[in-house]
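Trainee: A structural model of the following input is requested.
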Amino acid sequence: MTMAPTLENLVQAVAEFQTTHRHPERPLLALSGLYDLDPVAPAGPAAAAVWPATWLHNAEPGVYAILAGDLTVRYIGKADVLGDRLSSHFRNGERPRVVDAERWPEPYRRYVVVVPVGQAFESLSLEAYLIRHLAPPDNAAGKGPRT
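Mentor: This is a model prediction of the structure:
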């Protein structure tokens, strides 16, 4: 991709991973709804949760994506416990304070979506697949040729 991938590209890539790389007896993967990181911004698409609500699929292993306000995917990461990992990126406050504001200026971090995987080892392969196929602009890994 030459431009930042979209939420729709992410949905398609997760579906492709499901059909090409995941055992058919494993439960289907699905993206969560949007988690809105900015409770004071003008309303965007309907969100499943808004800051400071508990992270979606908080206690589960999985992959998360940080999206800009225009629903482009900026970053993809993995976690053994999604809530712990997301809390390491964002801190409490009226609005979430990002740990690395230079890397993720406010326009690049409006929403989070997660893909719970059931077992932590699966997050490794799903994250690698998504980074390789989507090449989000804020991921350092996976910048080589894409397949």
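Trainee: list the helices and strands whichever strand or helix holds residue 88 packs on?
Mentor: Secondary structure assigned from DSSP states H and E places residue 88 in helix 82-89. The contact analysis (3 or more C-beta pairs under 8 Å, 6 or more residues apart in numbering; DSSP states H and E) places helix 82-89 against strand 62-67, strand 73-79, strand 111-116. Where you see a C-beta, it was placed from the backbone N, CA and C, and this is true even at glycine.
Trainee: how far is the next helix or strand after that helix from where the chain is centred?
Mentor: Once the chain leaves helix 82-89, the next helix or strand it forms, by DSSP H and E, is strand 90-91. Computed by C-alpha atoms, centre = their mean, to the nearest Å, the separation of strand 90-91 from the middle of its chain amounts to 15 Å.
Trainee: and strand 90-91, what's its mean pLDDT?
Mentor: In this model, strand 90-91 has a mean pLDDT of 85.
Trainee: ok, now stretch 26-34?
Mentor: On average, stretch 26-34 scores 95.
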